[in-house]
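Enquirer: Give me coordinates for this.
(chains A and B)
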Amino acid sequence: MQVRVENLKRYFRRTRALDGISFAFESGRIVAFVGPNGAGKTTTLRILATVDEPTAGDAFVDGTSVVEDPEKARHLVGFMPESVPAHGDMTAHEYLDFYARAYGLRDPRRTETVRSIEAFTGLAHLREKTVVSLSKGMKQRVSLARAIVHDPPVLLLDEPAAGLDPRARIELRELLGLLARQGKAILVSSHILTELSEICDDAVIIERGKIVRVGKVDDLLSRDTGRRLVRIRSLSPLPDLLKTVVQMPGVEEGRIEGRYVEAVVGSGDETLCRTLLATLVGRGVPVVEFTHHKADLEDIFMSVTKGETQ
Amino acid sequence: MTAAGAVLGRLSDRVNPIVVKELRQAVRSRIVTGVFLFFLVVQLAIVALALLLGDSAGESLSAGRGLAAALYSFMMFVCIIFLPVYSGLRLAWERSDTRRDLMFATAISAGAVVRGKMLTAAMIVALIYSACAPFMVFTYLLRGIDLPTIFTMLGLGALYILASVQFILFLACIPTSRVAKILLGLAGLAVILWTSGSAAITTSMMLAGPMFFFGAPAAGSIWTPLVWGIIALVLAMGYLHVASVSILQPPSANRMLMVRIYVTAVWLVGGAVAVGWSYVTRSTIAVGIWAWGSTFFFAASLLVGVSERQTWGPRVRRRIPRFLPARGLALLFFSGAAGGVLWAMLALALTWLTLWVMMRLIVLSHALPAPSQVPEEVIPGLAGVACYAVAYTLTAGLLRRGIVRLGARFPHYYTWVLALALAALGSSVPLLLLLVLAYGSDNLWSLMEGDSPLTFLNPVYLGEESGRAARIAFVGLWAAGVTAASIPWFIRQIRAFRPLRPQPGPMPDGAPHG
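Expert: Below is the predicted model:
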């Protein structure tokens, strides 16, 4: 199962929400779809979910075009939008039952599916409550349950963690992990990059309707965040320590930050950090703390985007 | 699961999901419950007031008729406003560009959505009728009205309410901005209220005689227009239904296929009935009405046709027949600008030809005197209407293609706006220029009469007798000229209308990539 986006364009009058983006991802992968506000993330997801139509270009889910065969593509895609579910006057159970019917599920399979999804998403005890009366976190669960009610191989999640408390975020992360292990291809758009860093295999970074980076998270880390920040604390005076550190090979710059000397080393490779520490100890510097900050998705995002919106 | 449970489960599976959802929401809705209770209270009050303040039932022979009229008017007024607004607002909200409901991204077909909405409206009508019908039937006991009249009125009322709902649902389907949707909705409501006048007239005619079904004076005169009215209403509902479904379908779909099949079927059956009727009665009135309605309908269809897609995606091309004659027929019925224009032009020509032949056959035989015949002027008049429609539409098409060739962006779906703008300009600018240039001149008004060439671009002047021949010759030449100028475009479109050749898809190539 592969999802392929090809030269997708979506214009709203003069605004180019999407300006010819292309990328692809496959089953069993969780893909982070990140970008500043107004970058085109939601527009892309809406087009993939067949809720919106592109101005040009196409996207294919397992070879099925979302433009030419949206009815077929809908069976393959589950979409969880950022907004809370509409039809808030229905109970959570009625809501899920309606969507199960809408996807053509027949009894007794429909009843069993809805029941198992309610259990999977932790909604079983809230099934008789109206959607509007649920908390934000529970509404998000209803929305996720709706997205998976027809067991689609592809999931599109738009800001699924927005507004969730830490516990709900952890639970959501676990749910997504479970779904990925079931072989689903998951595209997650989120602003909370630390959340995504931990669960995503791949990343697509978009800005002003254009893709700026795409690939495996590890590859992007080594490519875009080659430099590492090392923090050293020692018993010797900080100016002396700084002088020693900046003279070492591989150190690009150094500065004093509080009780620490911070050094920027020019490679993502940990070898340089190890050499730096060994040299300092070898020269008799009384090092009491030595840490290096490992780059994550947030660093990639900050390094490749300019924060421009449209 | 018990056998009964299994049967109920199977039945439940057969129900349209939209109906299930809408009814679940309706029974929880305070608005629906409120309207229902309001109905009961007001009807109770009307009956109580009628009994307390009116003549006693024993003395008056028309107490029941008056009360039935009051109850029916109240029910119709509330239903005609409430149900279309309720159904239309919900669909418009669900179809909003910014918050398009996710049910449109499920496996529910566009047809099921419209049918579901209509079925729900029918069920709410049934719910309201369940509150209203007992009061209406009660009026029979007060005398002055019979049960068949009551039930006929209720049936006609239900049909009119459902037609109104279908009309508003059609407007709600039209993809446009929120402000435009509100304006459309208000205009639609105004049309419904305006046309409800005819329903009121029918009702008052039915109530005019004490025994509508049993020898009332009005009974004979009411049936013919009533039956034709019902047929027209049902056909209009059918058209609005297929048009709504067509709008809800994805742009890649063959949206116009069902609409054209439906219209062609109605046009052919209507034409056959009209011709037969005219032939039997030796009166051209029936065929004249059919030709008049068809000409205006297909003239409007030209505007739709010219604004349709100019290219076909794989979805439509997969269904284009390989057999050449079948492909020619498909061109006329499938979505597409050239096919749409040709379809409407062909229908206009055949309509006019049928009318002309029937006029020759019947009028020349002098079967019936003039009042039973369509006036002779209708033939050139309808030809003029068709020529104006073709001329303005194809001119707009030519202009749009010219604008696009110059590098400017002009979406094909706005061609109808250009055609209407051209018609508005053509109708007003020459006359305004004349008014400015010849202001104060003695012969100003004579220059503005029908035989003045300055009025030739204005289709409204078709009604004037003076200069009709010259006007029709002018517009005929104009229509022929733009048709000839559009021939290369027609040929390009016809050549492009080919079935899709199967092509191997690209192979998946591994890990995520840009």
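Enquirer: Enumerate the residues of the stretch 51-200 of chain A near chain B.
Expert: Selection of the stretch 51-200 of chain A residues close to chain B by CB under 8 Å from any CB of the partner chain yields A:51-53, A:63, A:65, A:67-71, A:74-75, A:77, A:79, A:81, A:83, A:86-87, A:89-90, A:94, A:97-99, A:101-104, A:106-108, A:110, A:146, A:150. Yep, even glycine has a C-beta here, placed from its N, CA and C like the rest.
Enquirer: So which of these are in strands?
Expert: Among these, DSSP state E puts A:S65, A:V77, A:F79 in strands.
Enquirer: quick revisit: would you mind checking the residues of the stretch 51-200 of chain A next to chain B for buried ones?
Expert: Among those, those classed as buried by 16 or more other CB atoms under 10 Å in any protein chain shown are A:51-52, A:65, A:67-71, A:74-75, A:77, A:79, A:81, A:86-87, A:89-90, A:94, A:97-99, A:101-103, A:107, A:110, A:146, A:150.
Enquirer: Tell me, how many residues neighbour B:R30?
Expert: Using other CB atoms under 10 Å in any protein chain shown, the number of residues around B:R30 comes to 8.
Enquirer: any idea how far it lies from chain A?
Expert: Distance of B:R30 to chain A, computed by CB to the nearest CB, to the nearest Å: 9 Å.
Enquirer: tell me which helix or strand of chain B sits lowest on mean pLDDT?
Expert: helix B:444-447 (a mean of 71; mean pLDDT, DSSP states H and E).
Enquirer: other SSEs contacting the helix or strand B:A386 falls within?
Expert: In this assignment (DSSP states H and E), B:A386 forms part of helix B:378-405. Applying 3 or more CB pairs under 8 Å, 6 or more residues apart in numbering or on different chains; DSSP states H and E, we find helix B:378-405 packed against helix B:285-306, helix B:337-363, helix B:415-437, helix B:468-496.
Enquirer: For whatever residue of the stretch 101-250 of chain B ends up closest to chain A, give me the backbone phi and psi.
Expert: Nearest to chain A in the stretch 101-250 of chain B, going by CB to the nearest CB, is B:T106, at a distance of 3.8 Å. Main-chain dihedrals, B:T106, degrees, to the nearest 10: phi -110, psi -170.
Enquirer: quick one: pLDDT of the nearest residue to it once chain neighbours are set aside?
Expert: Spatial nearest neighbour of B:T106, excluding adjacent residues (CB to CB, 6 or more residues apart in numbering or on different chains): A:A102 at 3.8 Å. pLDDT for A:A102: 91.
Enquirer: Repeat that for B:L226.
Expert: Predicted confidence (pLDDT) for B:L226: 80.
Enquirer: check which helix or strand covers it.
Expert: helix B:219-248.
Enquirer: what angle sits between that helix and helix B:285-306?
Expert: 10 degrees (axes from the mean of the first three to the mean of the last three CA atoms, to 10 degrees).
Enquirer: Who are the packing partners of helix B:219-248?
Expert: helix B:110-141, helix B:147-173, helix B:178-208, helix B:256-281.
Enquirer: hmm, the last one touching chain A?
Expert: By that I understand helix B:256-281. No: using CB under 8 Å from any CB, we find that helix B:256-281 stays clear of chain A, coming within 15.3 Å at best.
Enquirer: Nearest to chain B, out of the ones in strands among the residues of the stretch 51-200 of chain A next to chain B: which one, please.
Expert: Out of these, the member with the shortest distance to chain B (by CB to the nearest CB) is A:F79, at 6.4 Å.
Enquirer: Tell me, how many residues neighbour the spatially closest residue to B:V32 that is not a sequence neighbour?
Expert: Nearest in space to B:V32, with sequence neighbours left out and distances taken as CB to CB, 6+ apart, is B:A26 at 4.7 Å. Counted with other CB under 10 Å, the neighbours of B:A26 add up to 20.
Enquirer: Double-check B:A26 against B:T120; I have them as touching.
Expert: Yes: look at B:A26 against B:T120 with CB atoms under 8 Å: they come within range, at 6.9 Å.
Enquirer: which of the helices and strands packed on helix B:219-248 is buried the deepest?
Expert: Of these, the one with the most neighbours on average (mean count of other CB atoms under 10 Å in any protein chain shown) is helix B:147-173, at a mean of 21.
Enquirer: Report the inter-axis angle for that one versus helix B:178-208.
Expert: 170 degrees.
Enquirer: Helix B:147-173 and chain A in contact?
Expert: No: interface with chain A: helix B:147-173 contributes nothing (CB under 8 Å from any CB), its closest point being 15.6 Å away.
Enquirer: And B:V404, what's its pLDDT?
Expert: Note for B:V404: predicted pLDDT of 88.
Enquirer: ok, it - how many residues close by?
Expert: Applying other CB under 10 Å, I find that B:V404 has 14 neighbouring residues.
Enquirer: check contacts around the nearest residue to it once chain neighbours are set aside.
Expert: What sits nearest to B:V404 in space, not counting adjacent residues and going by CB to CB, 6+ apart, is B:F410, at 5.5 Å. Taking CB atoms under 8 Å, 6 or more residues apart in numbering or on different chains as the criterion, B:F410 is in contact with B:R400, B:I403, B:V404, B:L418.
Enquirer: hang on, the earlier thing: buried ones in the helix holding B:L226?
Expert: Those would be B:219, B:222, B:229-230, B:233, B:237, B:239-248, for helix B:219-248 by 16+ other CB under 10 Å.
Enquirer: and the angle from it to helix B:256-281?
Expert: Helix B:219-248 runs at 160 degrees relative to helix B:256-281, counting by the same axes, to 10 degrees.
Enquirer: ok so, going back, for the least confident helix or strand of chain B, what is the distance to the chain centroid?
Expert: Distance of helix B:444-447 from its chain centroid, counting by CA atoms, centre = their mean, to the nearest Å, is 39 Å.
Enquirer: One more: stretch B:483-499?
Expert: 29 Å.
Enquirer: Would you list the phi and psi of A:V287?
Expert: Here A:V287 shows phi and psi, under degrees, to the nearest 10, equal to phi -70, psi 130.
Enquirer: Identify the bridge partners of it.
Expert: A:S234 (DSSP bridges).
Enquirer: is it true that it touches A:A278?
Expert: No: counting by CB under 8 Å, A:A278 is not a contact partner of A:V287; they are 10.3 Å apart.
Enquirer: what about those two, which has more around it?
Expert: Higher neighbour count among A:V287 and A:A278: A:V287, with 15 against 10, using other CB under 10 Å.
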